[in-house]
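Asker: dropping the sequence and predicted coords here.
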Amino acid sequence: MGIAADFVLIVVAGLIGAIAARALGLPLLVGYVAAGVAVGPHTAGPTVANLEDIELLAEIGVALLLFALGLEVSFRDLRAVRNIALIGGPLQVIVTAAFGTWIARLAGVPLNDALWFGAMVSLSSTMVVLKTLAATGTMSTLASRVMIGMLVVQDLAVVPILIVLPQLGASEGMGGRLLQASLIAGAFLLVMVVAGTRLLPMMLRRVVGWGSRELFLVAVVAAGVGVGAVAHHFGLSFAIGAFIAGVILSESELSHQALSDVAPLRDIFGLLFFVSVGMLFDPAYVLAHAWLVAALVLAIIAGKALIIGLLARAFGYRNMAPWIIGLGLSQIGEFSFVLARTGRAGQFISTDTYDLALTCTVLSMALSPLVFPGLLPVARARRPAASGHARGRQAAAADDTRQPRRGGRLRPHRPGRRGRAAGHGTPLRRRRDAPRDADASARTGRAGHLGRHQP
């Protein structure tokens, strides 16, 4: 049966792993990774034969997840966190990459390999973070929006990283090649923003007019993977192109239907991705280098949480929010697999560095859903005590479930683009002396100066 047999084995193993994880009170993601270890080439028992084909399908899963993320994320919603995302995001990538390079050098990794390792450490997992936020029901909080904003910047940072790293060994002409690649990427983004915002929504409206839901689903998926393929042709990541397509469609009135239709397909391919991550895990390598792997994984999680947490505090976020953001982004991301494969294929990194990077990535991704939810009860217990109306205002500021709109009034925020959990409560009238940005008060843990409910 070839790849069909592998697909059946992965889905069944993923189901068993998910059931076991649910029975133990663990996130489903952990069950998927454990299922991948069980059916991978490094353990006994049933084994996936065509690992490369499954990895290709997993890349489609990453692209579909980022496409769905683009549909859910509106830049209007992220406007309140634009400073930490656009300024803090690049700073975080640079500082975390330097930290990753430093700890790799301490572990005896050669300098060039350590630079690649540091670049992998600088990226966090969009897949893991979104799954964890959805499982804990915290998608609509301010800290979650900060994490999503920084993840968007990290995903976009993969493009210059993939341009710069292969040139480190041959500095001659690097500036020209970097400029050329940057101009091509910029031209693609400009064309997509200008033309895509008109053509893609118009095409989907035409398809909707024909009254076929099946045809609409096919058109939505074709738009996502099609733009991804064009992006790959222009030197960008396939998944980044799919994310851009999702962002373009997110401003369309059809984004809600597109997300609801593509979500089941996204989840199945997402299962393939996490199982394929587990298949990369080699228990024998971990046992042979147990102390090194354990020390690096702990250093990566603690170091990234500290760096990102301090960065969030520097941008004005207070109380437990910086540490929630830091721990939420403390794992290594799925794009590190892209970097690792690129480095290995071009012989820029050694086999030992490749194995070490993959092992640390898989373990950090598996531990993240276990560490992050444990911080939420602590964060709730640490909230400033208050009574009556003050307590309600502080809770609203901490959770940031409402957003400002024009006219100085507030509307309930609908978590995600689906809007399944609609907000409630009467709109509040803003006093004339109220701050223009309600999220500025949320960052400091102080409630905005809002008037009373209007009858």
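Answerer: Everything's here; your move. For clarity, every value in this text was computed on a predicted model and none was experimentally measured. Numbering: from 1, shown residues only.
Asker: and the helix or strand that contains T132, what does it pack onto?
Answerer: In this structure, T132 sits in helix 126-136 according to DSSP states H and E. Secondary-structure packing of helix 126-136 (3 or more CB pairs under 8 Å, 6 or more residues apart in numbering; DSSP states H and E): helix 28-39, helix 51-72, helix 142-164, helix 255-279, helix 321-328, helix 351-381. The C-beta positions use only the backbone N, C-alpha and C, and glycine is treated the same way.
Asker: by mean pLDDT, show me the worst of the ones you listed.
Answerer: Mean pLDDT per stretch puts helix 51-72 lowest among the helices and strands packed on helix 126-136, at a mean of 77.
Asker: could the helices and strands packed on helix 126-136 go into TSV alongside distance to S212?
Answerer: Shown next, in TSV, are the helices and strands packed on helix 126-136 (distance: least, CB to CB, whole Å):
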stretch	distance to S212
helix 28-39	32
helix 51-72	20
helix 142-164	33
helix 255-279	12
helix 321-328	40
helix 351-381	38
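Asker: low-confidence ranges in this structure?
Answerer: For the chain, the stretches flagged by pLDDT under 70 are 1-2, 74-77, 169-175, 177-178, 181, 374-455.
Asker: try 50 this time
Answerer: Residue ranges of the chain with pLDDT under 50: 385-455.
Asker: quick one: buried residues of stretch 318-338?
Answerer: 319-338 (16 or more other CB atoms under 10 Å).
Asker: quick one: contacts for the residue nearest to the spatial centre of the chain?
Answerer: Geometric centre of the chain, nearest residue: T126, 1.5 Å, by CA atoms, centre = their mean. Counting by CB atoms under 8 Å, 6 or more residues apart in numbering, T126 touches L65, L66, L69, L151, Q154, D155, G333, E334.
Asker: can you rerun that using 6 Å?
Answerer: L151 (CB atoms under 6 Å, 6 or more residues apart in numbering).
Asker: same check on the one 10 residues further on?
Answerer: Residues touching T136, when contacts are defined by CB under 6 Å, 6+ apart, comprise P373.
Asker: wait, isn't G241 in contact with A231?
Answerer: Yes - using CB atoms under 6 Å, G241 is in contact with A231, at 2.5 Å.
Asker: what touches both of these two?
Answerer: Joint contacts of G241 and A231 (CB under 6 Å, 6+ apart) do not exist.
Asker: correct me, but L78 touches G149?
Answerer: Yes - here L78 reaches G149: they are 4.9 Å apart, a contact under CB under 6 Å.
Asker: who wins for proximity to A18 among the helices and strands packed on helix 126-136?
Answerer: Among the helices and strands packed on helix 126-136, helix 28-39 comes nearest to A18, with 4.3 Å by CB to CB.
Asker: from the middle of its chain, how far away would that closest one be?
Answerer: Offset of helix 28-39 from its chain centre (CA atoms, centre = their mean, to the nearest Å): 19 Å.
Asker: likewise for stretch 215-225?
Answerer: Chain-centre distance of stretch 215-225: 22 Å, with CA atoms, centre = their mean.
Asker: what does it rub up against?
Answerer: F67, L200, V207, A242, A245, A258, D261, V262.
Asker: distance of the third one from R213?
Answerer: Right, V207. Noted for V207: a distance of 10 Å to R213, by CB to CB, to the nearest Å.
Asker: these two - which one has more neighbours?
Answerer: V207 (19 against 11; other CB atoms under 10 Å).
Asker: so what's that one up against?
Answerer: L215, F216, A219.
Asker: is it true that V37 touches G278?
Answerer: Yes - if you go by CB under 6 Å, V37 and G278 touch, sitting 4.5 Å apart.
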